[in-house]
Structure formats: C-alpha cells, structure tokens
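Novice: Got a sequence here, can you build the structure:
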Amino acid sequence: MSSVSEGRIPDSTVRSVTHGPVRATLRADDGTWIEAVYDPCTADDAAETVIVVAHGFTGSVDRPAVRRAVRTFSRYAAVVTFSFRGHGRSGGLSTVGDREVLDLAAAVAWARSLGHRRVVTVGFSMGGSVVLRHGALYADRAADAGGAGSVAEREGRTGARKEAHADAVVSVSAPARWYYRGTAPMRRLHWMVTRPTGRLVGRYGFRTRIHREAWDPVPLSPAGAAALIAPAPLLIVHGDRDPYFPLDHPRMLATAAGDAAELWLERGMGHAENAADETLLTRIADWAVPR
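Specialist: Okay, the predicted model is just below:
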C-alpha cells in the first residue's frame, strides 16, 4: 500500500502534520486508487490515537454526516476518512463490502505511517461490516498459525499485513449476515446492486459505481468475522428504529463475539452515520479514546 500525490505528508511524526485537513490518494493492494483525508486532533496535545472512519454504501469523505463525525471525533483523536472504491473520487467499482476491506487496510496503514501508534476503526452500515472483516483478517496476530491469517489465506484476496491492523473496532448499524432481504430498504438495495437498471440508478442517482459481478468466493460473514476480532476490543452499536436491519443483527454479532464485545442498543436511532447524532458520536469517541 502507498499514499501518493495531492496531499502526501512527508514526515512520519504526528506533530509535524499541518493543522488543517490533508487530502491524499492511496493505493489499495489490488491497485485501486482511494481518496482519503487526514484531520488532525483539535486538542492541545497531539493524540497517539487515530480514528479511521468507514462510511456506508453511497457515502463518501465529503458527505455531511461523515464530516459531522469528523468534527466530533477530532476533539478526541486525529481522524482519517476515505471514500470506498466506486464512491466519491475513488477509482474502481463498489463490491458492496467485499474488496472494500482492501480500501480500509490502505487507510489504516496510511494512518500508522503518519506516526499514530493506536488505530481505531469506526464503520457505518456497509462500512460496519467492512471494519468487522478487517478486524478479523488484519489482526495483530495475523501471522500466527491458525489465526486470522489463515482466514485471509482461505479468502484468497488479502494479505494480512500487521501494519494495517486495528487496535479496536466500532461497528455501527452493520448486518450480521449477507444477502438479507427482510426489510423494504434492503430489497430496494438488492435491486440496485443486482439489476442493470438499478446500477444505473446507483451511478447517476447516488453517484455510486457498482460492480456487476457476484461475489466469488463469498466473503467471511460479519458474524463470522466478529468471532475472530478478540483480543481487540469490539463495540457494536445499533438503533432500535433501524429500517434496514432489525435487532437480531446486532444481537447475532454480539453473540458471535462473546465477552470481547460491548453492545449498545440505541433507543430511537435509525440507520448508520445519518442517524448518529453528536451525543452518540461523542460517546463512541469516549469509548474509542480512553482518557
């Protein structure tokens, strides 16, 4: 993985980073170019922690809900945001959570290259499923025999690089299993992803370019990934008014993760970053960056 052009930061120490946001272009392991933004911590002292934010399907680094999360998180830590492939100014086509794990790994590796010793990934909806898989496949123990490295090898698409691992994971509004069609919003999403007309709507209506091919092989499920994240801490957040995924999804994730996970069921909350208000974002930041 490498960062190139636009706003590449030449020094690896956090204190040398400019006081304003820096844009960069990253390259995922499969060669896809990914746009990314670094926002330094606004606290007086430079934080060792960086929060890497993974947006939901049809999002991007410049969406208002993502920038709201950045403003809140940056009071506690530096923040890296990026646009998944097929979104925003990134290249490639969206695979709706499959190869996106490579995009997150590139963002995490970039964050570490800037001198941050601790990385927390926070993902919303599709991004929530991606941070779970990333947490399993790029675990700090990835090179150990029988550990997450063997999962990555079985998937045949990622190298579990230690410099790309997360020290803690926060998954917000994520599914627990693939191909869920139990709600009207998810049925509409499946139509957009699987039908030619739907993909045109995605491209021109939602500015999201979607890959036409089905998953092969099917990636590790979010619940299967949640079971492999320990010993890294895992926080699962879900709203009780989520129109996409009912509460059996976060409960399934928490059951799979066992004692390593903390589950927050938020009263009155809808779906993903658009429903995450400043109060909730502040609580997540408090959890992610212990004082």
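Novice: residues near the nearest residue to Glu266 once chain neighbours are set aside, how many?
Specialist: Excluding its sequence neighbours, the residue lying closest to Glu266 (CB to CB, 6 or more residues apart in numbering) is Gly239, at 4.8 Å. (Glycine included, C-beta is placed from N, CA and C.) Residues within reach of Gly239, counting by other CB atoms under 10 Å, total 24.
Novice: Gly239 contacts Gly270, correct?
Specialist: Yes - because the distance of 5.4 Å satisfies CB atoms under 8 Å, Gly239 is recorded as touching Gly270.
Novice: tell me which residues of stretch 49-66 are tucked away?
Specialist: 49-61, 63, 65-66 (16 or more other CB atoms under 10 Å).
Novice: In strands only, show me those.
Specialist: Those of those mapping onto strands are 49-54, per DSSP state E.
Novice: tell me the least confident of these?
Specialist: When those are sorted by pLDDT, the bottom entry is Thr49 at 94.
Novice: what ranges do the helices span in the stretch 1-150 of the chain?
Specialist: 64-73, 100-113, 126-137, 148-155 (DSSP state H, counting those that start in this stretch).
Novice: so which of those helices comes closest to Val201?
Specialist: helix 126-137 (17.0 Å; CB to CB).
Novice: hey, where'd the strands end up in this structure?
Specialist: For the chain, applying DSSP E gives strands covering 2-6, 22-27, 33-39, 49-54, 78-82, 118-124, 168-172, 234-239, 261-266.
Novice: Next, format these as TSV and append distance to Val289.
Specialist: Shown next, in TSV, are the strands of the chain (distance: least, CB to CB, whole Å):
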stretch	distance to Val289
strand 2-6	24
strand 22-27	20
strand 33-39	14
strand 49-54	5
strand 78-82	10
strand 118-124	7
strand 168-172	9
strand 234-239	12
strand 261-266	15
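Novice: Mean pLDDT lowest where, among these?
Specialist: Lowest mean pLDDT within the strands of the chain: strand 2-6, a mean of 42.
Novice: For the stretch 101-250 of the chain, which residues score under the pLDDT cut-off?
Specialist: 140-162 (pLDDT under 70).
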